[in-house]
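**Q** Okay, predicted coordinates and the sequence, questions at the end:
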Amino acid sequence: MVVSKNKLYKPMNKNSIIYVAGHTGMVGSAIVRDLQQKGFTNILTQTRKELDLLSQTDVNSFFEKNEPEYVFLAAAKVGGIIGNREYPAQFIYENLMIETNIIHASYKNNVKKLLFLGSSCIYPKLAPQPMTEDVLLTSALEPTNEWYAIAKIAGIKLCQSYRRQYGCNFISVMPTNLYGKHDSYNLQNSHVIPAMLRKFHEAKENKTPTVTIWGTGSPKREFLYADDLANACTFLMEKYDDERHINIGTGIDVSIKELAETIQKVVGYDGEIVFDTTKPDGPPRKLLDVSKLNKLGWKYSIELKDGLTMAYDAFLEENSSGTLRK
């Protein structure tokens, strides 16, 4: 274990100044909720209009003015297979700029601890399953999301290099596939669960006889409810200080076919599911080894069907209030 040399580091207290980058997104908003539930009262947030994270000057000015002590770096440009395919330059550029600006500003302004959120897509396409942290960079990435993955790998390496050269207490966590409140439901760019929830809901509303799902339905994926992730992040901010990244997940996966059938039941859609086998499946399996996290004392609490029910309830509420992110 590489121990941080940052002498300013002390555990968070209820009055610590905490900056959550990306607080309007699914992950960032979940982290804010978790911090508030645990009694933290000094949480900094900035919308995209208020602070351009692509601007190093603006980010530095924000840090100099507000002096955050702890940073959760949840801001990112995210999307599914279509988004990565259609906008590769945006995915790699925006993510590199966001993480570089925030990590460097955290170093310059003596942030006591930073937690960087990556993604399980950093791992090789054909990595042994379940994937342990040490399989990173051992073979080729999945081509359908390599632009996003490379940016996230760079974020891990930024945290490691700033630890080694400057003694910054910067850590990285790698969550599995996520879903929950305030997700993005854009059918072209969203991830699998929000895309399915919207498809099945609209098919139910429009009495459409079939819902088409990309691929064969055979790939297996692991899913974690966003509020569980947030709880793990605040736990690790307090308990983890290693330079090596750490996986966050459930350690349980399901096939895309099983997922579709579960969402069909949650939504109450009685039509037929059709699999378009001309479309790509992505990696055959993506399951994280979470034994390292479990040994530290953290385990997920929200089962998939319960989480999907809560996610659909949130979808209905956001849709009726006009706040749904489409």
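**A** Noted; the coordinates are in hand.

**Q** Around the nearest residue to residue 70 once chain neighbours are set aside, count how many other residues there are.
**A** Closest residue in space to residue 70, ignoring its immediate chain neighbours: residue 18 at 4.7 Å, by Cβ to Cβ, 6 or more residues apart in numbering. C-beta coordinates here come from the backbone N, C-alpha and C atoms, glycine included. Residues near residue 18, counting by other Cβ atoms under 10 Å, number 23.

**Q** So which residues of this protein form strands?
**A** Secondary structure of the chain (DSSP state E): strands located at 18-21, 43-44, 70-73, 113-117, 170-175, 177-179, 210-214, 220-225, 246-248, 253-255, 272-276, 285-286.

**Q** Ok, which of the ones you listed comes nearest residue 308?
**A** strand 177-179 (7.5 Å; Cβ to Cβ).

**Q** Packing partners of that closest one?
**A** Counting contacts by 3 or more Cβ pairs under 8 Å, 6 or more residues apart in numbering; DSSP states H and E, strand 177-179 is packed against helix 26-37, helix 192-206, strand 220-225, helix 226-239, helix 304-321.

**Q** Output these as a markdown table; include the columns mean pLDDT.
**A** Output for these, formatted as a markdown table (pLDDT from 0 to 100):
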| stretch | mean pLDDT |
| --- | --- |
| helix 26-37 | 97 |
| helix 192-206 | 95 |
| strand 220-225 | 97 |
| helix 226-239 | 97 |
| helix 304-321 | 96 |
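
**Q** of those, which approaches residue 125 most closely?
**A** Smallest distance to residue 125 across the helices and strands packed on strand 177-179 (Cβ to Cβ): 13.7 Å, for strand 220-225.

**Q** ok, that closest one: who's next to it in the sheet?
**A** strand 177-179 (parallel), strand 253-255 (antiparallel), strand 285-286 (parallel) (DSSP bridges).

**Q** tell me the contacts of residue 178?
**A** Contact analysis of residue 178 by Cβ atoms under 8 Å, 6 or more residues apart in numbering lists 26, 27, 191, 223, 224, 225, 226, 229.

**Q** Tell me the spacing between it and residue 230.
**A** Counting by Cβ to Cβ, to the nearest Å, the gap from residue 178 to residue 230 is 10 Å.

**Q** Overlap in contacts, those two.
**A** Joint contacts of residue 178 and residue 230 (Cβ under 8 Å, 6+ apart) are residue 27.

**Q** Please report the separation between the first and final residues of stretch 277-292.
**A** Terminal residues of stretch 277-292 lie 37 Å apart, using Cα to Cα, to the nearest Å.

**Q** Going by neighbour count, which residues of that stretch are buried?
**A** If you call a residue buried by 16 or more other Cβ atoms under 10 Å, then stretch 277-292 has these buried ones: 281, 282, 283, 285, 286, 287, 288, 289, 290, 292.

**Q** Reformat the residues you listed as TSV; add distance to residue 322 and pLDDT.
**A** Output for these, formatted as TSV (distance: Cβ to Cβ, whole Å; pLDDT from 0 to 100):
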residue	distance to residue 322	pLDDT
281	35	84
282	32	76
283	36	76
285	38	88
286	34	90
287	37	96
288	36	98
289	41	98
290	37	98
292	42	98
